[in-house]
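Student: My questions concern the predicted model and sequence given below.
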Amino acid sequence: LGMKTTGNASRGITGNAGIGHGNFFAEPGADPPEKLIGSVKNGFYVTELLGFGVNIVTGDYSR
């Protein structure tokens, strides 16, 4: 694709390295979601994430 690497990869204990992220968070802003979404020219609109995890506050567990 002719893109420069950003070094954003992750790897599990026994898996190979792959595309990944760490310490991802979003903070609320002043604009409504419709304005933010409307300003994106090329991207993904993620509505759900699936995966293994534990909510340390509620104790909910998913896999």
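Tutor: Yes, it's here.
Student: pLDDT score for the residue nearest the centre of the chain?
Tutor: The residue lying closest to the centre of the chain (C-alpha atoms, centre = their mean) is Phe24, at 6.2 Å. As predicted, Phe24 sits at a pLDDT of 70.
Student: so how far is Lys41 from it?
Tutor: Between Phe24 and Lys41 the distance is 21 Å, computed by C-beta to C-beta, to the nearest Å. Heads up, the C-betas are built off the backbone N, CA and C, glycines and all.
Student: just Glu48 next, same as before
Tutor: 23 Å.
Student: And for Val57?
Tutor: Distance of Val57 to Lys41, given as C-beta to C-beta: 36 Å.
Student: Show me what the lowest-mean-pLDDT helix or strand in the chain is packed against.
Tutor: The helix or strand of the chain with the poorest confidence is strand 61-62; it has a mean of 72 (mean pLDDT, DSSP states H and E). Applying 3 or more C-beta pairs under 8 Å, 6 or more residues apart in numbering; DSSP states H and E, one finds that strand 61-62 contacts strand 53-54.
Student: Who are the packing partners of the strand it packs on?
Tutor: Counting contacts by 3+ C-beta pairs under 8 Å, 6+ apart, strand 53-54 is packed against strand 61-62.
Student: So what are the sheet partners of the strand it packs on and their directions?
Tutor: Here strand 61-62 is paired, per DSSP bridges, with strand 53-54 (antiparallel).
Student: How about residues contacting the strand it pairs with?
Tutor: Here strand 53-54 makes contact (C-beta atoms under 8 Å, 6 or more residues apart in numbering) with 60-62.
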